[in-house]
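Engineer: no sequence on hand, only this structure:
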């Protein structure tokens, strides 16, 4: 019987070769010897040999056999399955088990058109050889199966025609750092620091960066926020911008607040407006017309304020009742709640809905309660405008019903956003995953242009007029708290992350002026925290305890302090960003000055960092980045780094991750510390109150927002029904203590031994 090798040649089947390969993946010199059974793996594979079968098919069967044994009682099978997969990948990419010369690897991918040839101009052969000596190829063999599967299936690039693998892990980590730091004076030192942070899983980068940096694709922003104005021009321009940014792999947030309501007069009172649904259907179609690597389509969330004329209908467009003709189910919705609305809910008072064209002052004061509330009340008394009045509780109950029913009607507390933000200009919307809060302006046709000759620009940032459209982009990354051995590591990691992402702003390309010039003027960053549940468990800090609160407070303060200091240092070195003056940072105001003081009821207010020095330096030098922190979901990158997702509790020590193209089982890190882990289905009181309070401690320091979910175990509730009061109390707790948004509602209605995690955003377009 013959088998077909990867090069197409055939040879006699030799079972000893299979056993030797399995034994090779077990051995100690790959890092440590694994406690696995080679014979069991081979026997359980039940390989059905056929004459001429491919050796790669045999390998895949063995990998699956090892992966099926992953369990807390036999954890080494996770590493074993990973080693088997790495062996398969090496033979395909290198043509052999041993790595090839790094320089030859780069030349091959430049010749294929995958890599930008500039990399060979920016680094000498000697420098490339030196960087090769730094690479830890055995790091691949220490990675669990889930990490290798995620890298192989999602991040490492394959030939689009043949599906042949072109990349390996360590080279990818090194080339990402080389690409971004190439123009720094001490580039080699920075490249090595960044490579080590990636290799050791101390930082996580989003999908557009890991899959794009080093290639000739140069658009790396994860989040895109745009505002649709109440004109035909802006509606059409917004739909184009949305489509273009989706094609460039960004998740989209659209602010629909300015668009007038159904039956409102248009064209000098000669036509009546057709309302929200046709526009939402158009946005839905635009979002879904592009796919990325045939694995995911675009994803969009639409922002509406709770006083919108059509809010009661909009809240239903996600649910499964009705038909697709009167629903827009394949986009998501986030509703802005001002303080006055929640106060009226609590007081059981009425609420009034307006059409945007009749309340321009309401839109311009949205997010500033001292101006918004009297304006709102004045419009309520104005008998000349169109309005609807209904009990505030009725609107809130509708919101809760649809949020519970779909899990995906999101909430943002617009006054918390603006009070606790770092801008002196209005913020009206959020992004796909509810953690980014940036200024935007109506998109117009002039903003869709792409001007390459900067010398022709005369006004504003590089000559661009923001009134032609401001589409806000945010570049993300995370520090994996659970991977750090000491709080002192935060200083170096925050410094390298700010420098890396700031450089990326200048390296990436922009599809239109409305994205390029605002991004270069404001230099938005959103660096977050991940592996948080692991971090607490590793430090034996149980949710709801004083230790968990104080530990979170200390680390979050040090984290944000490090980010701000790094950005000020960059301002000293490279200059403050053009719009530094629009940031409260440049006035010496810090997140510790703007946070919601109700948090002081939860944990002590003592600060350990020298914020006074930071204020002085910020006023003197300005800031390089007008925002620095945001906490995104990390469903994708958490698999790569074998870490827990973002700030979420775990569902089980053994998780099954389902993506669009694979399912993989993984163990949480330090699973033996299960007693200390916060678990989504074991939260105190089967509500999210204690968890939300802990998140509020983090939010005290984060200058944007956080993707915070609500968690409920329906199996512990009568008839498995989630009562609305439980959900309402958690929402009001989040508002009270200063959270800026609430993302998903997560629930389970049946008992299972392992949690099933679905990729954070419907398409994965935003989750990092």
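Structural biologist: Yes, it's here. As the structure is a computational prediction, the values presented were derived from the model and not from experiment.
Engineer: and the spatially closest residue to residue 441 that is not a sequence neighbour, what does it touch?
Structural biologist: Excluding the flanking residues, the one nearest residue 441 by C-beta to C-beta, 6 or more residues apart in numbering is residue 470, at 3.9 Å. Every residue, glycine included, has its C-beta placed from N, CA and C. By C-beta atoms under 8 Å, 6 or more residues apart in numbering, residue 470 lies in contact with 227, 439-441, 447, 514, 518.
Engineer: try it again with 6 Å
Structural biologist: The contact partners of residue 470, taken as C-beta atoms under 6 Å, 6 or more residues apart in numbering, are 440-441, 518.
Engineer: just among the residues you listed, which is most surrounded?
Structural biologist: residue 518 (28 neighbours; other C-beta atoms under 10 Å).
Engineer: what sits closest to it if chain neighbours are left out?
Structural biologist: Sequence neighbours aside, residue 470 is the residue nearest to residue 518 in space, at 4.7 Å (criterion: C-beta to C-beta, 6+ apart).
Engineer: was I right about residue 214 contacting residue 175?
Structural biologist: Yes: with contact defined as C-beta atoms under 6 Å, residue 214 reaches residue 175; the gap is 4.0 Å.
Engineer: so what secondary structure elements neighbour the one helix or strand residue 505 maps to?
Structural biologist: Here residue 505 sits within helix 489-507, counting by DSSP states H and E. Helix 489-507 is packed against helix 169-180, helix 187-199, strand 472-480, helix 546-574, with contacts defined by 3 or more C-beta pairs under 6 Å, 6 or more residues apart in numbering; DSSP states H and E.
Engineer: now with 10 Å?
Structural biologist: For helix 489-507, the elements it packs on are helix 169-180, helix 187-199, strand 203-204, helix 207-212, strand 472-480, helix 513-522, strand 525-530, helix 546-574, judged by 3 or more C-beta pairs under 10 Å, 6 or more residues apart in numbering; DSSP states H and E.
Engineer: could I get the average pLDDT for it?
Structural biologist: Here helix 489-507 scores 97 as its mean pLDDT.
Engineer: starting at the chain centroid, how far to it?
Structural biologist: Here helix 489-507 is found 17 Å from its chain centre; the criterion is C-alpha atoms, centre = their mean, to the nearest Å.
Engineer: show me which positions of that helix end up buried.
Structural biologist: 489-490, 493-505 (16 or more other C-beta atoms under 10 Å).
Engineer: quick one: that helix to helix 513-522, angle?
Structural biologist: Helix 489-507 and helix 513-522 are oriented at 140 degrees to each other (axes from the mean of the first three to the mean of the last three C-alpha atoms, to 10 degrees).
Engineer: what inclination does helix 489-507 have with respect to strand 472-480?
Structural biologist: Using the same axes, to 10 degrees: helix 489-507 against strand 472-480 is 150 degrees.
Engineer: which residue ranges of the stretch 301-450 of the chain form helices?
Structural biologist: All helices of the stretch 301-450 of the chain, identified by DSSP state H, counting those that start in this stretch, fall at 311-314, 339-347, 360-365, 369-381, 392-406, 414-419.
Engineer: nearest to residue 37, out of those?
Structural biologist: helix 392-406 (46.0 Å; C-beta to C-beta).
Engineer: any idea how far residue 78 is from residue 23?
Structural biologist: Separation of residue 23 from residue 78 (C-beta to C-beta, to the nearest Å): 18 Å.
Engineer: same drill for these two, tell me which one is more crowded.
Structural biologist: Legend: neighbour count by other C-beta under 10 Å for residue 23 and residue 78, higher for residue 78 (27 against 10).
Engineer: contacting residues for that one?
Structural biologist: 34, 36, 66-67, 69-71, 143-148, 642, 664-667 (C-beta atoms under 10 Å, 6 or more residues apart in numbering).
Engineer: pull the contacting residues for residue 117.
Structural biologist: Residue 117 touches 106-107, 109-111, 216, counting by C-beta under 10 Å, 6+ apart.
Engineer: any idea of the pLDDT on it?
Structural biologist: 93.
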